[in-house]
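In: next comes the sequence, and after it the predicted model I'd like to discuss.
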Amino acid sequence: MNGQVYNPYFIFWSRIINILIWPFYFFCNLYRKSYSLNDENINSILICQYHRIGDVFIIAPVLESLKKRYPQAHIILLCCHGAEKLSRDLKFADEVIGVEVPWTNWDWSLIKWIKARSFARHFRKRDIDIAIDFKGDLRNSWFLWHVRSKMSLGYTDTGGSFFYTHPQISPTGVHQTERSLQLISHLGCDSIMLDGKEFNFKGQGAIVFHAGGSDSRRAWPENKWIKLAEILSKNHQIAIVKTPETTNLIQHMIDRDLMVEIFDGDLIKFKNWLRNQKMLIGNDSMPGHLAAYIGIPAISIFGSQDPKLTCPIGKWITIIQPNESCEHKRNHWRLCQKCMETIDVERVSGAAIKLLTRAQAGE
């Protein structure tokens with residue numbers, strides 16, 4: 001858990017590319033008009049946060065702060081297609097647009113890269129006052145440059161300072177929400193209380209298991225979910241969210257005659273249903289952030305990845321991670337399945353009971 005946002009290998013090659021392309025973009029920027037970040041006359045803001053669904057919840061306080069700072073501005077959020085409908089439902093921005101860019105899935109199709117550039121360029125006719133990207137990813141910065149907003153603000157972790165009118169040095173070792181809030185502080189935006197969401201605990205409903213996820217290396221083993229269900233179902237209703245990754249787990253629970261409710265629906269239905277449940281337990285994934293956002297107690301299970309960078313934030317959130325630092329041989333610079341396997345069922349069940357006790361007491 002070294003607190004790094006990017007794979008050092010990726011950073012190395014991005015900076016090599018940065019050096020190679022710098023002269024071309026430096027020349028293109030020579031005649032670009034200069035504007036001040038202190039300009040109060042900002043009427044349109046483009047926010048780019050399109051890598052994963054959970055990323056949108058990470059910048060939810062940022063969107064709230066921008067609305068307060070520029071109440072007259074039309075805020076446009078670019079997010080991944082998976083987050084588009086939910087972001088509209090939660091009114092994260094005045095306008096929400098779903099987009100898929102090839103580098104989020106390491107797709108090197110030249111045609112898709114050209115389409116992404118064309119998509120960025122179509123914003124030029126909208127005369128955007130300021131465009132913001134929080135990732136510090138050279139590819140995101142390149143995308144934002146093609147928008148040609150009057151001003152652009154972003155981090156330069158992997159290079160690309162010439163892509164922004166106002167590039168910033170990224171803070172290290174801080175949560176991604178705090179990192180994003182620090183970026184918009186250059187616009188005079190106030191920080192938002194990160195744990196100030198309304199507590200929504202009702203003491204009814206089920207303990208919800210969300211065992212799915214986009215990467216199997218984030219997943220807690222199936223046999224441990226089953227054992228956890230056996231322990232907690234003695235005193236609580238258990239529900240499990242149906243995803244492509246949980247089909248086998250659900251069948252195994254049914255085979256063991258475990259009484260579990262199965263939720264199957266889209267993200268908006270999931271959000272509305274989750275509001276009426278007593279707790280969520282899940283892997284390091286979007287549902288933990290959603291639970292924190294709507295005020296539901298939640299437990300997020302982390303492996304070798306550093307929770308202080310991306311964990312759900314809130315008073316009623318418990319993070320469980322391995323007791324020891326990762327020393328396993330692994331095929332990913334940050335994620336480790338073996339670390340997930342070291343987390344005992346008793347730790348999770350004990351944490352769940354303790355968190356429920358706190359929630360019921362309102363402490």
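Out: Yes, it's here.

In: run the chain-centre distance for stretch 117-134.
Out: Stretch 117-134 sits 22 Å away from the centroid of its parent chain (Cα atoms, centre = their mean, to the nearest Å).

In: again, but for stretch 206-226
Out: That offset, for stretch 206-226, works out to 18 Å (Cα atoms, centre = their mean).

In: with just CA atoms, put that stretch into CSV.
Out: The C-alpha coordinates for stretch 206-226 follow below in CSV (Å, rounded to 0.1, in the frame of the first residue of the first chain):
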residue,chain,number,x,y,z
ALA,A,206,-31.6,-6.6,5.0
ILE,A,207,-27.8,-6.7,5.2
VAL,A,208,-27.0,-6.4,1.6
PHE,A,209,-24.0,-8.3,0.0
HIS,A,210,-22.5,-6.8,-3.1
ALA,A,211,-19.9,-9.4,-4.1
GLY,A,212,-19.6,-8.4,-7.7
GLY,A,213,-17.0,-6.1,-9.3
SER,A,214,-15.2,-5.3,-12.5
ASP,A,215,-11.9,-7.0,-11.5
SER,A,216,-11.8,-10.4,-9.9
ARG,A,217,-8.6,-9.4,-8.0
ARG,A,218,-10.8,-7.1,-5.9
ALA,A,219,-13.2,-10.0,-5.0
TRP,A,220,-13.6,-11.6,-1.7
PRO,A,221,-13.8,-15.4,-2.2
GLU,A,222,-17.2,-17.0,-2.7
ASN,A,223,-16.8,-19.5,0.2
LYS,A,224,-16.3,-16.6,2.6
TRP,A,225,-19.4,-14.9,1.4
ILE,A,226,-21.4,-18.1,2.0
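
In: OK, contacts around the closest residue to residue 305 other than its chain neighbours?
Out: Of all residues not flanking residue 305 in the chain, residue 334 sits nearest, at 5.1 Å (Cβ to Cβ, 6 or more residues apart in numbering). Quick note: C-beta positions are derived from backbone N, CA and C, even for glycine. Going by Cβ atoms under 8 Å, 6 or more residues apart in numbering, residue 334 touches 4, 7, 304-306.

In: if any of those are buried, give me the PyMOL selection for them.
Out: PyMOL command restricting the contacts of residue 334 to the buried ones, with burial defined by 16 or more other Cβ atoms under 10 Å:
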select buried, resi 304+305+306
